[in-house]
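Chemist: Sequence plus the predicted model coming up.
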Amino acid sequence: MSIPKIKYPFLNLKTINEKTLQAAEEAACRVIRSGWYIGGEENEAFETDLAAFTGTRYAVGTSNGLDALRLIFKAYLYLGILNPDDEVIVPSNTYIASVLAVTDAGLKPVFVEPEEETFNLDSGKIENALTQKTKAILTVHLYGRPCFDQEMKDCAKKHNLLIIEDNAQAIGAVSKTPSDSGSFVTGSLGDAAAFSFYPTKNLGAMGDAGAVTTDDADLAKAIRALANYGTDRRYHNIYQGYNCRLDPIQAAILRAKLPFLADENNHRRALAEIYDTHVDNPFVKRPLRDIPDGSIWHQYVLRTDYREELRQYLTDKQVGTDVLYPTPPHMQPCYSCFKDLDLPIAKKLAQSVVSIPISSCTTEHDARQIARIINDFRP
Ligand SMILES: *Cc1c(COP(=O)(O)O)cnc(C)c1O
């Protein structure tokens, strides 16, 4: 299988992984030769590094990001901290996996609209959405931008809500508002956080992988057991669990790649700055870019009323694009129960967003060229 070559690809994992290829190959080989293929030292070493990177006491590797989220909710149910039918605040414009984790656990998602400028959950709208049954906020750091502020913290404290982070797109992002324990890094801001290492994420595995971070020893223990058939000790099952373990080959690869993440994130910040200063077209809105820049720019997302025209134009000019996401979760066929909800901002964003190249397969020179090409666009 070969990927057709275009001048400015949206993403090319082969190119992105070139820098870390040797380290990843050595790591994978080490596991293959070790004779140890489930759990073990490689997982422990990666979990230790991830917890240190995030600034949490615990990290538990999982099979993928959706399972990381599912395990958090299931563990809170088993621990009696959440109960069936409790409500969870979720942003209306997230990736569907965030919502799937909530409904899979028998909990009820309550959609709250984002701010158009940041694409992130609008904390000011949470209070209005609360009922007696609301027990948690699932904050999603969408596109790599931290979604956490004083208003969210105050609201959670006042109403005794858990804050769970969907950190799938934001590993290494830095919030402007610290958590109560004084940390700023996403994954350490709330009560628990889910990570995805899907290959296209800023820290990508070479297959599926994920993790949970938390400071809560009981939660970490419950998640570890749940991910391993509910086993607390050998052939002793305290939960009706799952098999959602992190593969040690992926753990070893991720551990080898983690030291390179800061460079990847900083490169994306530099590209975002170039787009921010060079993209200037009356038909295109740039995303809000804060200074200092805490986002890790998983996506650089423009908004336009002429999306199909812009995408076709960029394709003709050999600039790759993508749309995350064309349909909000409540409008998906699987959630017909939510189809009558009125969530105009999520709907509008789904119709107008378009992502342009922002990764280590795009150079700063490329970004300036891409900006010039975008500036010449007329619908
Ligand atoms: C990628 C992603 C997930 C799911 O992660 P997987 O590893 O693909 O299961 C969940 N939430 C968000 C916001 C994501 O971007």
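Modeler: In hand now; what should we look at?

Chemist: switch to C-alpha atoms for all contacts and neighbour counts from now on
Modeler: OK.

Chemist: quick one: residue 359 and the ligand, what's the gap?
Modeler: Note on residue 359: its distance to the ligand, by CA to the nearest ligand atom, to the nearest Å, is 16 Å.

Chemist: For that residue, which residues are in contact?
Modeler: Taking CA atoms under 8 Å, 6 or more residues apart in numbering, we find residue 359 in contact with 11, 16, 264, 267, 268, 298.

Chemist: Also residue 24?
Modeler: So residue 24 contacts 252, 253, 254, 256, 257 (CA under 8 Å, 6+ apart).

Chemist: Just the local confidence number for the residue of the chain positioned farthest from its centre, please.
Modeler: In the chain, counting by CA atoms, centre = their mean, residue 235 sits farthest out from the average C-alpha position, at 34.2 Å. Predicted confidence (pLDDT) for residue 235: 95.

Chemist: ok, now residue 5?
Modeler: Residue 5 carries a pLDDT score of 84 in this model.

Chemist: Check the one 3 residues further on too.
Modeler: On pLDDT, residue 8 comes in at 98.

Chemist: What mean pLDDT does stretch 31-50 get?
Modeler: Regarding stretch 31-50, the rounded mean pLDDT is 98.

Chemist: Measure how far that stretch is from the centre of its chain, please.
Modeler: Average the C-alpha atoms of stretch 31-50, do the same for its chain, and the two points are 24 Å apart (CA atoms, centre = their mean, to the nearest Å).

Chemist: Pull out the buried residues from that stretch.
Modeler: 31, 39, 42, 43, 44, 46, 47, 48, 49, 50 (16 or more other CA atoms under 10 Å).

Chemist: Please, which helix or strand holds the last one?
Modeler: Under the criterion of DSSP states H and E, residue 50 resides in helix 41-54.

Chemist: hmm, the next helix-or-strand element following that helix touching the ligand?
Modeler: Moving toward the C-terminus from helix 41-54, the next helix or strand (DSSP H and E) is strand 58-62. No. Using CA under 6 Å from any ligand atom, strand 58-62 never reaches the ligand; the gap is at least 9.2 Å.

Chemist: Okay, now the sheet partners of strand 58-62, with direction.
Modeler: strand 210-214 (antiparallel) (DSSP bridges).

Chemist: Looking at the partner strand now, give me its mean pLDDT.
Modeler: On average, the pLDDT along strand 210-214 is 99.

Chemist: what about the next helix or strand after it, distance to the chain center?
Modeler: Of the helices and strands lying after strand 210-214 in sequence (DSSP H and E), the nearest is helix 217-226. With CA atoms, centre = their mean as the basis, helix 217-226 stands 21 Å off its chain's centre.

Chemist: Also stretch 48-67?
Modeler: With CA atoms, centre = their mean, you get 13 Å for stretch 48-67.

Chemist: cool, stretch 197-215 as well?
Modeler: Relative to its chain's centre, stretch 197-215 lies at 9 Å (CA atoms, centre = their mean).

Chemist: List the buried residues for that stretch?
Modeler: Buried residues in stretch 197-215 (16+ other CA under 10 Å): 197-198, 200-206, 208-215.

Chemist: coming back round to it: of the buried residues of stretch 31-50, just say which sits nearest to residue 306.
Modeler: Distance to residue 306 across the buried residues of stretch 31-50 (CA to CA) is lowest for residue 50, with 41.1 Å.

Chemist: Next up, the contacts around the residue nearest to that closest one when sequence neighbours are not counted.
Modeler: Once flanking residues are discounted, residue 50 sits nearest to residue 59: 6.4 Å by CA to CA, 6 or more residues apart in numbering. Residue 59 makes contact with 47, 48, 50, 51, 211, 212, 213, 214, 220, according to CA under 8 Å, 6+ apart.

Chemist: Looking at these, spot the one nearest the ligand.
Modeler: residue 211 (9.0 Å; CA to the nearest ligand atom).

Chemist: what's the longest strand seen in the chain in contact with?
Modeler: The longest strand of the chain (DSSP state E) is strand 134-140. Outside of strand 134-140, the residues within contact range by CA under 8 Å, 6+ apart are 82, 86-91, 94, 98, 120-121, 146-148, 156, 160-167.
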